[in-house]
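Asker: let me see the structure of the following:
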Amino acid sequence: MNIDTIGTNAGSVWNALNEADALGLKQIKKITKLKDKELYAALGWLAREGKILIAEGEDEKGLIVSLAQ
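Answerer: Got it, this is the predicted structure:
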């Protein structure tokens, strides 16, 4: 995986989040068809740029991701 691939995957995740208010990790994986390591790298990219917010789900087992306002 290289920087270009991570950036492309980050764009896919951003597009998925742009279509919804907030998504869980399983939902993002299903929509984007990314593998775990690809998804986490993309989320790290978006988090570093301040483009997403990450919160614990209600059951505290999962994470909920949304676009930063």
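Asker: which residue of the protein sits farthest from its center?
Answerer: What lies farthest from the middle of the chain is D59; by C-alpha atoms, centre = their mean that is 19.0 Å.
Asker: surely that one is in a strand?
Answerer: No - remark: D59 does not belong to a strand; assigned using DSSP: H, G, I helix; E, B strand; the rest coil, it is coil.
Asker: look up how far L46 lies from it.
Answerer: 23 Å (C-beta to C-beta, to the nearest Å). Glycine gets a C-beta too; all of them are placed from N, C-alpha and C.
Asker: then L23?
Answerer: Distance from L23 to L46, counting by C-beta to C-beta: 12 Å.
Asker: ranges for the helices of the protein?
Answerer: For the chain, the helices defined by DSSP state H cover 3-18, 25-32, 36-48.
Asker: average pLDDT across the longest one?
Answerer: Throughout helix 3-18, pLDDT has a mean value of 97.
Asker: can you check stretch 21-33 too?
Answerer: According to the model, stretch 21-33 has a mean pLDDT of 94.
Asker: swap in stretch 55-69?
Answerer: pLDDT averaged over stretch 55-69 gives 86.
Asker: now it: buried residues?
Answerer: For stretch 55-69, the neighbour count (16 or more other C-beta atoms under 10 Å) marks I64, V65 as buried.
Asker: how far does that stretch sit from the chain's center?
Answerer: Stretch 55-69 has its C-alpha centroid displaced from the chain centroid by 11 Å (C-alpha atoms, centre = their mean, to the nearest Å).
Asker: which other residues reach it?
Answerer: 13-14, 17-18, 21-26, 28, 43, 50-54 (C-beta atoms under 8 Å, 6 or more residues apart in numbering).
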